[in-house]
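Trainee: give me a 3D structure for the following:
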Amino acid sequence: MKKNLGIKTALIIVVLLIFLYGIFGTPKGVSGGALSDSMLSTSLFREGIHLGLDLKGGTHLILQVQVNDAIRADAQQAAERLKSDLKTSADISQPDLQNHPEVIQIKGLDPSQAGDLRTEVNEKLRDYELSSNAGGWQLVMKPSSQQAIKKNAVDQAIETIRNRIDTLGVSEPVIQEHGLGDYQILVQLPGIDDPERVKTIMQNTAMLEIRLSLGGPFASEAEATQQLGQNPDGVVMKGRSIGAKTESGEEWYLLARAPAVAGRDLKAGGAQVSQDENGRPDVIFALTNDGGRKFYAFTSTHVGQPLAIVLDNKVQEVANIHEAIRDTVRITGSFTSQQASDLKLVLNSGALPASIKYLEERTVGPSLGADSIRSGVRAALIGMIAVLIFMLVYYRGAGINADVALVLNLIILLGFMGYFGAVLTLPGIAGVILTVGMGVDSNVLIFERIREELRNGKTPTSAVEQGFSHAWVTIVDTHVTTIVSAFILFIFGTGPVRGFAVTLTFGLLANLFTAVFVSRAIFDWNLGRKQRGEALSI
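Mentor: As a prediction, this is how the structure comes out:
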């Protein structure tokens, strides 16, 4: 028995040292085995446990993905494919872009091409349903396809935003779908150093398009709109005010409604900052293979015509096509070095499939976070001390056993979080406090069972043996059901709720070890010191 107790004691000491290292790590600047006074600061220890937004401070954003943009873009490409493949002069358009971008209307199609139209839709446009009406033909995107495109737009937007934030070096961001609204994204950025720049990058939708220019620059929107009568397939867009050549200082352009290529045709990571012939910063980016083929086919048939580069629905630059362009595009303009660098970052992190509307911003100051930490730690300490005192008073000598197990439970929990780089939130602190309560509950189950066995006349050794064996099933049952509940919270909850679930799960796993294994080892050590027939203090 003494040999087994020695092995258990050694194992407990090893576990204690491992998880203490998980909390504190090794102090920095240690040399020759001595530490100076300045080395005693906790800032010298590695920061394994990260603080969440509610504790560290930062920015809380809710973004609305304009999913109809993705539907509109897909339908525009379908309409352009019909025009190209059928080689028809029929009017193929989207009559209601704002409310029903999924509808394509075909008017004036030669009856002899009806069979070709059906074949085209059945073979290449399977996401659409074709029907005839009094005005001609109508193509409507299937509801299942619309839903898939909308979901993909949100998923791709989340991934793109995550790439941008990761590039900026924001630690432990929360970027996920917001469960309280349709097609919304929740973004939490703890402890950001440059909030204005991050928000600028976040709000920059980077909807990059390259369109044929049908006219401009015009001095006013009204003047540009007048030209729509001659170009019904056109759309009016504003140019960048910087460098405008009109007297009003503003420029307006008439552009083709359907882009030649869009952001989805960009090759990820292919953008680079360069300089134009005048030494000004510009950005060069590459197209995907499919995008390059489309752009080459487009520019080959429009040599000598002006082409507009549109970013965020603003014309950045208009230049003539001198020759067919296959896969490399240059954006020039009045960029500062920082603007060119940010544009490169946005393009390299991926183009959003749809624009994003900025719905909500809340800023949590670090002082509020510090108050939360102080209040949470104070509550945890007061609760812990109260529990320790209660166990000592109510269970006497066995209370020391419970107190040691509870302290070790807390060390293991914090060590777990340190090793896994877990994010501690205010609900997470509540999870720590709840873990203490669960630890006490386990000890109470064991101790009361031991008391019952003692009242039935069992010896202390037999009472401890029976107490642990009978209480073990109940403890495992309660812990497993609570862990399953925490797992469900982690899957379906948002950031703070998931933080609560993580700390609760870690704490419960630690409690299974301390309440059963550690507590039993302490009882065995205590029983080994007692004389035969000596009572157990419990």
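Trainee: just the strands in the stretch 1-150 of the chain please.
Mentor: Using DSSP state E, counting those that start in this stretch, the strands of the stretch 1-150 of the chain run over 50-51, 58-65, 91-93, 103-107, 128-133, 136-141.
Trainee: make TSV from those and add distance to Thr505, mean pLDDT and mean neighbour count to it.
Mentor: Every residue, glycine included, has its C-beta placed from N, CA and C. Listed next are the strands of the stretch 1-150 of the chain as TSV, based on distance: least, CB to CB, whole Å; pLDDT from 0 to 100; neighbours: other CB atoms under 10 Å:
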stretch	distance to Thr505	mean pLDDT	mean neighbour count
strand 50-51	17	72	20
strand 58-65	25	84	22
strand 91-93	56	87	19
strand 103-107	49	91	19
strand 128-133	47	90	14
strand 136-141	43	92	19
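Trainee: for Val407, which of those is the nearest?
Mentor: Evaluated with CB to CB, the strands of the stretch 1-150 of the chain place strand 50-51 nearest to Val407, the distance being 23.0 Å.
Trainee: parallel or antiparallel, list what pairs with the closest one.
Mentor: Sheet pairing of strand 50-51 (DSSP bridges) gives strand 423-424 (parallel).
Trainee: ok, then the element right after the longest helix seen in the chain?
Mentor: Taking DSSP state H as the criterion, the chain has its longest helix at helix 460-492. Once helix 460-492 ends, the next helix or strand along the chain (criterion: DSSP states H and E) is helix 495-512.
Trainee: who does that following helix touch, helix- and strand-wise?
Mentor: Under the contact criterion of 3 or more CB pairs under 8 Å, 6 or more residues apart in numbering; DSSP states H and E, helix 495-512 touches helix 397-420, strand 423-424, helix 426-455, helix 460-492.
Trainee: worst mean pLDDT across the helices and strands of the chain, which element?
Mentor: Across the helices and strands of the chain, the lowest-confidence element by mean pLDDT, DSSP states H and E is helix 195-203, at a mean of 66.
Trainee: list the buried residues in the following helix or strand past it.
Mentor: Stepping forward along the backbone from helix 195-203, the first helix or strand reached (DSSP H and E) is strand 208-218. By neighbour count on 16 or more other CB atoms under 10 Å, the buried set for strand 208-218 is Leu208, Glu209, Ile210, Arg211, Leu212, Ser213, Leu214, Gly215, Gly216, Pro217, Phe218.
Trainee: cool, stretch 84-96 as well?
Mentor: Neighbour-count burial for stretch 84-96 [16+ other CB under 10 Å]: Leu86, Thr88, Ala90, Asp91, Ile92, Ser93, Gln94.
Trainee: closest to Ala286 among these?
Mentor: Gln94 (29.7 Å).
Trainee: return the residues in contact with that closest one.
Mentor: Taking CB atoms under 8 Å, 6 or more residues apart in numbering, we find Gln94 in contact with Arg72, Ala75, Gln76, Ala79, His100, Pro101, Val103, Ile104, Gln105.
Trainee: now do it against Arg118, distance only.
Mentor: Separation of Gln94 from Arg118 (CB to CB, to the nearest Å) stands at 20 Å.
Trainee: kindly report the same for Gly216.
Mentor: Counting by CB to CB, the gap from Gly216 to Arg118 is 39 Å.
Trainee: what of Ile49?
Mentor: From Ile49 over to Arg118 the distance is 63 Å, taken as CB to CB.
Trainee: the more surrounded of these two?
Mentor: Neighbour totals were compared for Ile49 and Arg118, and Ile49 leads with 19 against 12 (other CB atoms under 10 Å).
Trainee: is it true that Phe500 touches Gly431?
Mentor: Yes. Using CB atoms under 8 Å, Phe500 is in contact with Gly431, at 4.6 Å.
Trainee: can I see the domain layout of the protein?
Mentor: Per automatic domain parsing, the domain ranges recorded for the chain read 2-28+42-55+365-529, 71-146, 204-362.
Trainee: kindly reformat the ones you listed as a markdown table containing distance to Leu189.
Mentor: Below are those laid out as a markdown table (distance: least, CB to CB, whole Å):
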| stretch | distance to Leu189 |
| --- | --- |
| domain 2-28+42-55+365-529 | 7 |
| domain 71-146 | 29 |
| domain 204-362 | 11 |
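Trainee: those domains: which one's closest to Ile165?
Mentor: Nearest to Ile165, of the domains of the chain and by CB to CB, is domain 204-362 at 8.8 Å.
Trainee: now that closest one: average pLDDT?
Mentor: Mean pLDDT, computed over domain 204-362, is 78.
Trainee: quick one: contacts for the spatially most central residue of the chain?
Mentor: The centre of the chain sits closest to Ile175, judged by CA atoms, centre = their mean, with a distance of 2.2 Å. Residues near Ile175 by CB under 8 Å, 6+ apart: Ile158, Ile161, Arg162, Ile165, Ile185, Leu186, Val187, Gln188.
Trainee: could you do Asp74 as well?
Mentor: By CB under 8 Å, 6+ apart, Asp74 lies in contact with Asp127, Met141, Ile149.
Trainee: could I get these as JSON lines with distance to Ala262?
Mentor: JSON lines is the format used below for the contacts of Asp74 (distance: CB to CB, whole Å):
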{"residue": "Asp127", "distance to Ala262": "18"}
{"residue": "Met141", "distance to Ala262": "17"}
{"residue": "Ile149", "distance to Ala262": "14"}
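Trainee: what is the nearest of those residues to Ala134?
Mentor: Within the contacts of Asp74, the smallest distance to Ala134 is 21.3 Å, found for Met141 (CB to CB).
Trainee: ok, the closest one to Met237 distance?
Mentor: For Met141, the distance to Met237 - CB to CB - is 25 Å.
Trainee: next: Leu254.
Mentor: Applying CB to CB, the value for Leu254 to Met237 is 8 Å.
Trainee: stretch 224-232: end-to-end distance?
Mentor: Stretch 224-232 has an end-to-end distance of 12 Å (CA to CA, to the nearest Å).
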